[in-house]
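Enquirer: below: sequence and its predicted model.
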Amino acid sequence: MNVNNKNRVLIVDDNTSNLSVLFKVLQQANFKVLIAESGKSALKRIKYLKPDIILLDIMMPEMDGFETCRRLKANEESKHIPVIFMTALADTADKVKGFELGAVDYITKPVQVEEVVARLNTHLTICRLQNNLLQQNEQFTQEIAKRKQVEKELRKFSRAVEQSANTIVITDTNGTIEFVNPAFSVKTGYSSTEVIGQNPRVLNSGKQPQECYQQLWATISSGQVWQGELLNKRKNGELYWEFATISPVKNQSEQITHYVAIKEDITERKRAEQEITRLNERLKGENMRMKAELDVTRQLQQILLPKQEEFNKIKGLEIAGFMAPADKVGGDYYDVLQHNGRIKIGIGDVTGHGLESGVLAIMV
């Protein structure tokens, strides 16, 4: 259907007198009139003429109106165009045949111009309404398809929420709980009916600094995401740790309507961290104790080993070898002094077995 004020009417008739009369009348009635003097001409030009409606004479040579109509309705580009037959045939069978081929109406010759204009306007209105209805149906079909897709996504989201191992809590902007998933009940011991309508403070352990909650609310109320650790209390009074991510939910106007909290139980991780800290402190103390023992051993070693200047004071002593005291304790033997194939002096140390075995001196 043309968007301008003039509807395009194609007249298919081999009678030039009829064409002339209809051309003049329809132009005066504000139609854009197109002419084809045969069925073949109409079929050939239909792609370019693009009429809104067709007035088709039945009695034409070579190709009559019935065959022309059949071919028009078999063509994807023209099957939607309404066809009105013009004929002198009054037989009911001819009219039925025309309707079966897809015609929308009949006008009996000789035509009455007022009747032609009225029927054209009527069927153009019907066609326009049908097109509008088709467009609306197409829009409804698309909307239904979109809605089904949204419902599918919602069902998938709902299953993910229901089956999530993490706790999920949805509150309004005042912090009133509107939804909790099954994992919430498993982790906290509270059923959904017990907490819906309540505030998340029902989980407050009283051991979290108040500044933490103040920062939390300041962050999410400004439209940002808050993440952090919370020490909460289960229904049975047991304390547990959670890592929480709390996000604001906004509408199309960017106004916050809800808050969504996704929380992971990290109690075991916190216990492991505390155990690691305890072991680190223990290792640190053990290292300090061992360092102190080694320092004492080193000092004893330096005291027990004779210095070179002391050997020089002994007359007639022949020095076969000398080892100065080490800065650090280590090794099994520092030196062995022999005379005539016999060990005279052996000096060594044994580390790693405590202070009592730190120094060994053998004088033979």
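Expert: Looks like it arrived, so ask away. Residues are numbered from 1 along each chain as shown.

Enquirer: check contacts around residue 123.
Expert: Contacts for residue 123 (CB atoms under 8 Å, 6 or more residues apart in numbering) come out as 53, 82, 84, 104-105. In this view, the C-beta of every residue, glycine as well, is placed from N, C-alpha and C.

Enquirer: would you turn these into TSV with pLDDT, neighbour count and secondary structure?
Expert: Shown next, in TSV, are the contacts of residue 123 (pLDDT from 0 to 100; neighbours: other CB atoms under 10 Å; DSSP: H, G, I helix; E, B strand; the rest coil):
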residue	pLDDT	neighbour count	secondary structure
53	94	22	strand
82	94	18	coil
84	94	20	strand
104	92	18	coil
105	92	19	strand
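
Enquirer: what stretches of the stretch 201-350 of the chain score poorly on pLDDT?
Expert: Scanning the stretch 201-350 of the chain for pLDDT under 70 picks out 300-350.

Enquirer: now the helices: where do they sit in it?
Expert: 210-221, 267-304, 308-312 (DSSP state H, counting those that start in this stretch).

Enquirer: any idea which helix is longest in the chain?
Expert: The longest helix of the chain (DSSP state H) is helix 113-163.

Enquirer: averaged pLDDT, that one. What do you get?
Expert: Across helix 113-163, pLDDT averages out at 89.

Enquirer: which of the helices of the stretch 201-350 of the chain sits closest to residue 238?
Expert: Closest to residue 238 of the helices of the stretch 201-350 of the chain, according to CB to CB: helix 267-304, at 9.0 Å.

Enquirer: phi, psi of the nearest residue to residue 181 once chain neighbours are set aside?
Expert: Once flanking residues are discounted, residue 181 sits nearest to residue 168: 4.4 Å by CB to CB, 6 or more residues apart in numbering. Torsion angles at residue 168 (phi, psi; degrees, to the nearest 10) stand at phi -120, psi 130.

Enquirer: which strand residues bridge residue 168?
Expert: Bridge pairing for residue 168 (DSSP bridges) gives the partners residue 262.

Enquirer: and the pLDDT for it?
Expert: For residue 168, the model assigns a pLDDT of 93.

Enquirer: ok, it - how many residues close by?
Expert: Other residues near residue 168 come to 18 when the count uses other CB atoms under 10 Å.

Enquirer: I'd say it and residue 180 touch.
Expert: Yes: using CB atoms under 8 Å, residue 168 is in contact with residue 180, at 7.0 Å.

Enquirer: list the buried residues of stretch 122-142.
Expert: By neighbour count with 16 or more other CB atoms under 10 Å, stretch 122-142 contains the buried residues 123-124, 127.

Enquirer: okay, the residues you listed in a markdown table with distance to residue 187 next?
Expert: As requested, those are exported to a markdown table (distance: CB to CB, whole Å):
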| residue | distance to residue 187 |
| --- | --- |
| 123 | 70 |
| 124 | 69 |
| 127 | 65 |
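
Enquirer: could you find the closest non-adjacent residue to residue 182?
Expert: Nearest residue to residue 182, sequence neighbours excluded (CB to CB, 6+ apart): residue 162, at 6.2 Å.

Enquirer: same question but for residue 49, I mixed them up
Expert: For residue 49, ignoring the flanking residues on the chain, the nearest one in space by CB to CB, 6+ apart is residue 34 at 5.0 Å.

Enquirer: picking up where we left off before, out of the helices of the stretch 201-350 of the chain, which comes closest to residue 109?
Expert: Nearest to residue 109 among the helices of the stretch 201-350 of the chain is helix 210-221; the distance by CB to CB comes to 80.6 Å.

Enquirer: list the buried residues of the closest one.
Expert: 216, 219-220.

Enquirer: among those, which one sits closest to residue 293?
Expert: For the buried residues of helix 210-221, the minimum distance to residue 293 (CB to CB) is 50.6 Å, reached by residue 216.

Enquirer: related to what we said a few turns ago, can you put the buried residues of helix 210-221 in a markdown table and add distance to residue 9?
Expert: A markdown table is the format used below for these (distance: CB to CB, whole Å):
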| residue | distance to residue 9 |
| --- | --- |
| 216 | 73 |
| 219 | 69 |
| 220 | 66 |
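
Enquirer: closest one of those to residue 268?
Expert: Ranked by distance to residue 268 (CB to CB), the buried residues of helix 210-221 are led by residue 216 at 23.7 Å.

Enquirer: for residue 199, see how far away that closest one is.
Expert: Note on residue 216: its distance to residue 199, by CB to CB, to the nearest Å, is 13 Å.
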